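Enquirer: 3D model of this:
(4 chains)
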2 protein chains.
Amino acid sequence: MTTAAAGFEQRQLRRDAAENRELLLAAAAKVFAEQGLGAGVEEIARVAGVGVGTLYRRFPNKDALIAELVQDVLERMSALASAAIEIPDGGGLERYLEGSSAYQMEHRGCLPRLWNTSTDNEALVQVRHKIAALLADAKRHGTVRDEITATDLTMVMWSIRGVIETTRDVAPEAWRRHLAILIAGLRPSEDPLGHKPLTRTQVDDVLTKSG
Amino acid sequence: MTTAAAGFEQRQLRRDAAENRELLLAAAAKVFAEQGLGAGVEEIARVAGVGVGTLYRRFPNKDALIAELVQDVLERMSALASAAIEIPDGGGLERYLEGSSAYQMEHRGCLPRLWNTSTDNEALVQVRHKIAALLADAKRHGTVRDEITATDLTMVMWSIRGVIETTRDVAPEAWRRHLAILIAGLRPSEDPLGHKPLTRTQVDDVLTKSG
DNA sequence: TTCGATGCGGAGCGAGCACTCCGCTTAGTT
DNA sequence: AACTAAGCGGAGTGCTCGCTCCGCATCGAA
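Expert: Numbers count the residues shown, from 1 in each chain, chains lettered A, B, ... in the order given. Down below sits the predicted model:
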């Protein structure tokens, strides 16, 4: 773990303590996926079968526990992007967007705030490179117009998040149609978008401010 | 007032009390617009220049105060839609989407939950009729593809909300580019969306469950 | 002017949250 | 087996927030 929480547990843990730590991480992933990041620490400890005291002996606070889970999500996204790159004819980007949306659907509200990592995070840089490659590939095949930038894709994910979080309980598949509309909007077209894209810096500001 | 809070204040109020009631509504609109619906009741009372006790003598609870503001928002949207209908060549729908997005940008997080009204609200029905007319007009002029439904437009608004709430502090104009992408996605195209639209009932369920 | 109904402020209550503290338990070394 | 550093549970703390209560102030009809 090279995340913010690193260094908090430098020394060797006793076997039972190390086991509880893993139980807590697994419980947190499960509870957050089901209830969102608003879930209480008490619930996480209960699911892990330990007391809250144990949770706070292993993690300095709730945010650190969340931060530790970021790495998993980023690696999942990275794998998703890698798989998408294999797809021929510029269809990889769509596959990636669909895959990450589906993941977000299953993991209630986690993705959003979980991106809230230091910008120099290694896995995050990897994901960004892969997405840039997917975008370039899509442009090369003419499935996405030239003026679309990587920051536009970030905005697309924010937008899908809005739909997913709103409709998840009532219409769990609704986001698919919305994604189809978005993808159609990315396609080559004679009339330009007419507004400047976000800069990379602006995206980073959003991510570091609140995810 | 035909909202949920109606009937709470049936008898005639003393002059000072009626005045404070208006002050509270104005203060709530201001504070919610600036800080979102999470703003505390104490803050609203402070801005209105009264105590929290006064707030709770005029409104049964915070939600009722919010509900009372819905009417204003709906009427604003209704006016927006009416003005948009005047626009020629099927451009009215785009104008409406832009206008309601701009309104949402200025009124932090209010629109979303404020829609959470009883489905038979008169003003809401009006707005829906007008949006249906705008959509039909756009289709007639070929600026929007036939398979788009009114529920798709609701989903578009949810999606824009996601972008607005995420980017408002860092890039207040970002939503415009996203809207441009969405509008491009609504345009006629040879390949269909490939997923069913939401039903009206599903939209209502979402609105009544949490907005 | 009088006077009761109405309205007022803001301290205080309870619920829910993240987080801490401490007396008891246990791992694992000697 | 004995011993101690490490770990443990969960009651308790402090904070925020929506909401209530009550002694005092004010309106406005008579």
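Enquirer: C-terminal to the helix or strand bottoming out on mean pLDDT in chain A, what's the next element?
Expert: Between all helices and strands in chain A, the lowest mean by mean pLDDT, DSSP states H and E belongs to helix A:110-114, at a mean of 59. Next helix or strand after helix A:110-114 toward the C-terminus (DSSP states H and E): helix A:122-140.
Enquirer: tell me if that following helix is near chain B.
Expert: No - with C-beta under 8 Å from any C-beta of the partner chain as the criterion, chain B is not reached by helix A:122-140; the gap is at least 13.8 Å. In this view, the C-beta of every residue, glycine as well, is placed from N, C-alpha and C.
Enquirer: got the contact list for A:Q202?
Expert: A:T151, B:T167, B:V170, B:A171, B:A174 (C-beta atoms under 8 Å, 6 or more residues apart in numbering or on different chains).
Enquirer: who in chain A is up against DNA strand D?
Expert: With the criterion set to C-beta under 7 Å from any atom of the strand, chain A comes near DNA strand D through A:13-14, A:16-17, A:20, A:49-54, A:56-58.
Enquirer: before we move on, back to that, of the contacts of A:Q202, closest to A:V163?
Expert: Comparing the contacts of A:Q202 against A:V163 with C-beta to C-beta places B:T167 closest, at 16.1 Å.
Enquirer: is it correct that the closest one is in contact with B:R161?
Expert: No - counting by C-beta atoms under 8 Å, B:T167 does not reach B:R161; the two are 11.2 Å apart.
Enquirer: and the residue of chain A nearest chain B?
Expert: A:G162 (2.1 Å; C-beta to the nearest C-beta).
Enquirer: what helix or strand is that residue on?
Expert: Here A:G162 is assigned to helix A:150-167, by DSSP H and E.
Enquirer: report the buried residues of stretch A:67-87.
Expert: Residues of stretch A:67-87 classed as buried: A:67-71, A:73-74, A:76-78, A:80-81, A:84 (neighbour count, 16 or more other C-beta atoms under 10 Å in any protein chain shown).
Enquirer: same list (the residues you listed) but as a markdown table, adding pLDDT.
Expert: Shown next, in a markdown table, are the buried residues of stretch A:67-87 (pLDDT from 0 to 100):
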| residue | pLDDT |
| --- | --- |
| A:A67 | 89 |
| A:E68 | 91 |
| A:L69 | 91 |
| A:V70 | 86 |
| A:Q71 | 84 |
| A:V73 | 89 |
| A:L74 | 89 |
| A:R76 | 92 |
| A:M77 | 94 |
| A:S78 | 95 |
| A:L80 | 96 |
| A:A81 | 97 |
| A:A84 | 97 |
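Enquirer: restricted to helices, list these.
Expert: If you go by DSSP state H, these have A:67-71, A:73-74, A:76-78, A:80-81, A:84 in helices.
Enquirer: and chain B, which of these contact it?
Expert: Okay, of these, nothing touches chain B (C-beta under 8 Å from any C-beta).
Enquirer: reformat the residues you listed as JSON lines; add distance to A:P188.
Expert: Formatted as JSON lines, those follow (distance: C-beta to C-beta, whole Å):
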{"residue": "A:A67", "distance to A:P188": "40"}
{"residue": "A:E68", "distance to A:P188": "42"}
{"residue": "A:L69", "distance to A:P188": "38"}
{"residue": "A:V70", "distance to A:P188": "35"}
{"residue": "A:Q71", "distance to A:P188": "37"}
{"residue": "A:V73", "distance to A:P188": "32"}
{"residue": "A:L74", "distance to A:P188": "31"}
{"residue": "A:R76", "distance to A:P188": "31"}
{"residue": "A:M77", "distance to A:P188": "27"}
{"residue": "A:S78", "distance to A:P188": "28"}
{"residue": "A:L80", "distance to A:P188": "25"}
{"residue": "A:A81", "distance to A:P188": "23"}
{"residue": "A:A84", "distance to A:P188": "20"}
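Enquirer: closest to B:G99 out of those?
Expert: Checking these against B:G99 with C-beta to C-beta, the nearest one is A:M77 at 35.6 Å.
Enquirer: without its sequence neighbours, what residue ends up closest to that closest one?
Expert: Excluding its sequence neighbours, the residue lying closest to A:M77 (C-beta to C-beta, 6 or more residues apart in numbering or on different chains) is A:V127, at 5.1 Å.
Enquirer: go on, A:S189?
Expert: Nearest one to A:S189, counting by C-beta to C-beta, 6+ apart, is B:A184 at 5.6 Å.
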